[in-house]
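Engineer: What would the 3D arrangement of this be:
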Amino acid sequence: MKDTMITVNYDNEKPMVSGRELHAALMIDTRYNDWFKRMCEYGFVEGRDYYSFLSNRVDGCAGKQRKDHQLTIDMAKELCMIQRTDTGKRCREYFLEIEKKWNSPDAILARALLIANHQLQITKGENTKLLNENTEQAEKIKNMLPKASYYDYVLSAEGLMPISTIAKDYGKSAVWMNRWLHEHGVQYKQGQVWLLYQKYADMGYVKSKTFAVSDENGNPNAKLHTCWTQKGRLFIYELLKEYGILPLMEQNGGNS
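Structural biologist: Just a heads-up that it's a prediction; the model follows:
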């Protein structure tokens, strides 16, 4: 799209664009607030398809900030189609190209390596702290809940584990557990990798491992996998318990 270049924001978990900027690019005559309200009637949901924020005037004139919206690329593409104009078609083609580049193997690998490097730097500085915290927490748990069989079971375990192993404790699948943690604001998916939101990222709940693999053409590649620490396993236990979901060994008051 040579005549109109819409700025794409890559600071979030996925590419986003300004609603006001898209409104201008589409050359909509209707006032932005009225137009956006009408577009939302097509079923777009805040927090999923767009996020509200305040922006400064782009014309440089003084005045209070105006309400704007960060739109997902999927929502922006749909809005372009709804307009049924040549401009809308060109804008949609532009977003399709953005989406194609974002989902390319090279881009996914680059993001995975950046995330892995960031996790590695965090891990280097927290190993001793995590060990002390785990020891202290284990002692507190033993004093407070001497009969908590699942706690005893977890505390006797060592090392990292995949989410599928934790899910089996509840008779669930890894798909179910990952989705449940996502729906309750614990993690989000980046490409093929589940990552913790910033609120939990530095708590020592997970560690990332990077594995060297080869693609179908034999070219070297890297695959990032998120594993949970025993501290993270106890965090999941406490969170699920708040919603009445207990491990199999604690269901119906039984121990195994």
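Engineer: By mean pLDDT, which helix or strand of this protein comes out lowest?
Structural biologist: With mean pLDDT, DSSP states H and E as the measure, the helix or strand of the chain carrying the lowest mean pLDDT is helix 149-155 (a mean of 62).
Engineer: buried residues in the helix or strand just after it?
Structural biologist: Counting by DSSP states H and E, the element after helix 149-155 in chain order, helix or strand, is helix 163-168. Neighbour counts over helix 163-168 (16 or more other C-beta atoms under 10 Å) mark 163, 166-167 as buried. In this view, the C-beta of every residue, glycine as well, is placed from N, C-alpha and C.
Engineer: counting contacts, what elements does helix 163-168 pack onto?
Structural biologist: helix 174-183, strand 220-228 (3 or more C-beta pairs under 8 Å, 6 or more residues apart in numbering; DSSP states H and E).
Engineer: 6 Å instead?
Structural biologist: Packed against helix 163-168 by the contact rule (3 or more C-beta pairs under 6 Å, 6 or more residues apart in numbering; DSSP states H and E) you find helix 174-183.
Engineer: So for E139, what's the pLDDT?
Structural biologist: As predicted, E139 sits at a pLDDT of 71.
Engineer: where exactly do the strands run in the stretch 51-200 of the chain?
Structural biologist: For the stretch 51-200 of the chain, the strands defined by DSSP state E, counting those that start in this stretch cover 66-72, 187-190, 193-196.
Engineer: ok, and the closest non-adjacent residue to the residue positioned nearest the centre of the chain?
Structural biologist: Closest residue to the average C-alpha location of the chain: Y188 at 2.2 Å, with C-alpha atoms, centre = their mean. Excluding the flanking residues, the one nearest Y188 by C-beta to C-beta, 6 or more residues apart in numbering is E13, at 5.5 Å.
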